[in-house]
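Asker: Pasting the sequence and the predicted model now:
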Amino acid sequence: MLCDIDKVAFAFQFGKYSVRGAFELETRQERERTLERTSTYESFEHRYKLGIQSYVLSPRLLNYQIDLSLGLGKVKTNDDYSSIDDFGWRAQGEFLAGKSLNGVFYTHKETTERFAPLTSSMGSVNITQTNTAYGLMVNMNYPNLPTQINLEENFTEGTSGSSRIDRSQRQLQLNTEKSISGFNTRINYAYRQEDDYIETANTNREHNAYASLERAFSFDKFFRQELKFTIQDRVGKYQDITARTVTTTEDYIFTTADEIVRFDAVFKNLVGTLPSARGDLGRTFTVVKIDGSTNTVTLKPQPGETIGGALSLVLSTQWAEVTIISDGANWVIGERKKGTIVGGGRTKNYWANTFFSYRPTKDFSCENSLNFFLWDRENQTQKSIMAAHSTNYQVTPELSVIANINATVTDLNTSGRTDGENVSATINYDTMLSNWNWRLFYLVNFSHTGEPQGNTLNRGETSLGSTVSRDFPFWQSRLLFGAHFSKSADSRGGETTSTQGAITWNATPNERLNISSGVHYSFDDAKTTTVIVVGTENSEQNPKPYIITTHTASVDFGLQYLLYAAADKLITLNGGGILSRQLSIGTEGFDFTTDRAFFYGQLIFKAMLARNAFFSITTRGEWEESTFMKQGNREEKTNKVRTVYSTESSLNFRFRKVTIELSFNLRKEMGSDNPYERQSFYLKMNRPF
């Protein structure tokens, strides 16, 4: 594990120009080893950065910053090497930095080239991609009409194997606010155009307009009206992928139903977790990073598997795309799966929401909302109306009642007309009896769906639950009893009954110790309309509905103890475990039993080593054993034991104006299907100008 850092800062004056900058060199090394096989992975990365910050005549007139970056990386998996090289520059400036008007412009360009071996039989693949962007943001901070205007244009071109990548994007955003006759008014407009070439050319244009109007008439009345309109035009030919396309702004776990997954990492770095490639030869995913931020999208395979010969694959530029294919053991890089070529079209969305709240007294309040939605595309339309009402009444200091009513009506006209209605009501009842907090809630729900050819489905559900809790002075503890019962049925013979119960106890005997424990039990009985065919003769005349009964019981406990606490040091010990058993009984005597035992221990140490240095280390151990038994025509029993050890350490310190963050992580897993050991090192340096 090696890491060498060198950073040189400089500053000088040349006439009226002030030039300041920094040079940074960073070297990383990571290593992972699969314990039960001869599979190893190592990565080396060198990164060079040079930044210059200056201004013209005056910082308020125009100040700018230019950054250059160069990255050289190699990844070794067993005896195969892959390389990642990138070069980029970024320029940003702020002009007319005054109170009423200021603007920011930026431009950046980055070229990435990756060479990766696939398998011995498939050869290798070269990926070259260049991303260029220009942007302008203007803020007009006038008292009567504050307005913000954003303009941006992005270009992406390159190749991935034999596939061509060619995209461009233009977007305009306009935001303004104004107060009119006591109403706070907000208007937002956005236009985006995307030109894409993947085998065929296409253009996508989208207009989004949003307006809101709100006012507080007095302390007891508030009104808000919202309107939103979207129109989308598709021109040209499109790849129609029949499987599911997903767009996400959060970490995502891939499913076998996915074909294309689009990550929007505008808010944070995202991680995509792939399923196992073993035994799934030919499984294909196409992954696209659609945002223009500097955040990254990291694709991670299952432990012991690789992606493109590495333990992970990172997408860092907008419209970066990769297609991965399972070779039965690992994920390799390939080409996007082709679908049916279809034409363009126009899609319209209309949305309106009206909200009104009323509070005549401090003990009584109510809220009402009415929502309307219309979706229209060629010969397909969908209309829906939703109304909601909520009332909160504090009857006495010890008694409160909350009631909610929701109703939705939907009309969908595609190839066949579908309509539906849904009505639900909820009542919560809170009171205090002899120092016990008692909460009772009741829910009833009814839905109706009308399908083509006159088919209908009616479904009803009712639910009743209660919790009783009390605080005791002994050890500052709390005891809670909970119970819940629900039952649902539909017009096709489906029925579900669920009963749950729980007892939990939490205590804090002193300022150093915290104890928690709980006992949980649930009983579920489900009858579906799925037909099981039994026997070989007259089986069609004797279909049977599928019925399954499930019992689940578990006990859990937790402990947290503060071993040492001082102004500059803190040592904490955590531990706990879960014991559970689940028994499922099917229609034809197929019984499934799952036992699980899980225990963990964790030690946390934090210390202030010096005035500007902070150190922390966390060591954790886990042990888990699970047993699965199946009884029926053929008995099966599977037992698995898993042991995990991990250490996470970090050191943050500041030397003069340079802030440095260091972290080292080690994780070792034994006994699972894919035992492995992983080491990683991270370093970040920051020096403000």
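Answerer: Yep, it's here.
Asker: Can you give the domain ranges for this structure?
Answerer: 98-340, 429-534+541-686 (automatic domain parsing).
Asker: mind giving me CSV with those and columns for mean neighbour count, mean pLDDT and distance to Lys74?
Answerer: C-beta here means a position set from N, CA and C on the backbone, and glycine is covered the same way. Below are those laid out as CSV (neighbours: other Cβ atoms under 10 Å; pLDDT from 0 to 100; distance: least, Cβ to Cβ, whole Å):
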stretch, mean neighbour count, mean pLDDT, distance to Lys74
domain 98-340, 16, 77, 10
domain 429-534+541-686, 14, 81, 16
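Asker: In a markdown table, list these along with distance to Phe364.
Answerer: What follows is the domains of the chain, written out as a markdown table (distance: least, Cβ to Cβ, whole Å):
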| stretch | distance to Phe364 |
| --- | --- |
| domain 98-340 | 10 |
| domain 429-534+541-686 | 15 |
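Asker: And these: which comes nearest Gly88?
Answerer: domain 98-340 (3.3 Å; Cβ to Cβ).
Asker: gap between that closest one and the chain center?
Answerer: Domain 98-340 has its C-alpha centroid displaced from the chain centroid by 14 Å (Cα atoms, centre = their mean, to the nearest Å).
Asker: and what of stretch 348-366?
Answerer: That offset, for stretch 348-366, works out to 30 Å (Cα atoms, centre = their mean).
Asker: Quick check: buried residues in it?
Answerer: Asn349, Trp351, Asn353, Phe355, Ser357, Arg359, Ser365 (16 or more other Cβ atoms under 10 Å).
Asker: what helix or strand does the fifth one sit in?
Answerer: In the assignment (DSSP states H and E), Ser357 maps to strand 345-361.
Asker: Summarise which helices and strands that strand is packed against.
Answerer: Packed against strand 345-361 by the contact rule (3 or more Cβ pairs under 8 Å, 6 or more residues apart in numbering; DSSP states H and E) you find strand 221-236, strand 364-377.
Asker: can these go into TSV with extra columns for distance to Gln65?
Answerer: Listed next are the helices and strands packed on strand 345-361 as TSV, based on distance: least, Cβ to Cβ, whole Å:
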stretch	distance to Gln65
strand 221-236	36
strand 364-377	44
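Asker: right, so of the domains of the chain, which gets closest to Tyr48?
Answerer: Closest among the domains of the chain, once you apply Cβ to Cβ, is domain 429-534+541-686, at 13.0 Å.
Asker: what about the closest one, distance to the chain center?
Answerer: Per Cα atoms, centre = their mean, the centroid offset for domain 429-534+541-686 relative to its chain is 19 Å.
Asker: Between strand 221-236 and the strand holding Ser357, find me the angle.
Answerer: Angle between the axes of strand 345-361 and strand 221-236 is 170 degrees (criterion: axes from the mean of the first three to the mean of the last three Cα atoms, to 10 degrees).
Asker: so, if you compare the buried residues of stretch 348-366, which one comes nearest to Asp556?
Answerer: Nearest to Asp556 among these, with distances taken as Cβ to Cβ, is Ser365, at 38.0 Å.
Asker: before we move on, back to that, with Pro397 as the reference, name the closest of the domains of the chain.
Answerer: domain 429-534+541-686 (8.3 Å).
Asker: do you know how far Thr111 is from Gly135?
Answerer: 19 Å (Cβ to Cβ, to the nearest Å).
Asker: I'd like the next helix or strand past the longest strand along the chain.
Answerer: Ranked by number of residues, the top strand in the chain under DSSP state E is strand 544-565. The helix or strand immediately downstream of strand 544-565 is strand 569-585, counting by DSSP H and E.
Asker: mind listing what the strand holding Ser357 pairs with, with the direction of each?
Answerer: strand 221-236 (antiparallel), strand 364-377 (antiparallel) (DSSP bridges).
Asker: where along the stretch 101-250 of the chain do the strands fall?
Answerer: Remark: strands assigned in the stretch 101-250 of the chain by DSSP state E, counting those that start in this stretch are 101-117, 124-140, 147-160, 163-180, 183-198, 200-218, 221-236, 238-240, 244-248.
Asker: May I see the ones you listed arranged in a markdown table, with distance to Gly671 as well?
Answerer: Shown next, in a markdown table, are those (distance: least, Cβ to Cβ, whole Å):
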| stretch | distance to Gly671 |
| --- | --- |
| strand 101-117 | 31 |
| strand 124-140 | 36 |
| strand 147-160 | 39 |
| strand 163-180 | 42 |
| strand 183-198 | 44 |
| strand 200-218 | 50 |
| strand 221-236 | 52 |
| strand 238-240 | 44 |
| strand 244-248 | 33 |
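Asker: Looking at those strands, which is nearest to Thr508?
Answerer: strand 244-248 (39.5 Å).
Asker: For the closest one, output the C-alpha coordinates as PDB.
Answerer: What follows is strand 244-248 as a C-alpha-only set of coordinates in PDB (Å, rounded to 0.1, in the frame of the first residue of the first chain):
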ATOM      1  CA  ARG A 244     -37.300  -1.900 -18.400                       C
ATOM      2  CA  THR A 245     -35.400   1.500 -18.500                       C
ATOM      3  CA  VAL A 246     -34.700   3.000 -15.100                       C
ATOM      4  CA  THR A 247     -33.600   6.600 -14.200                       C
ATOM      5  CA  THR A 248     -32.400   7.000 -10.700                       C
END
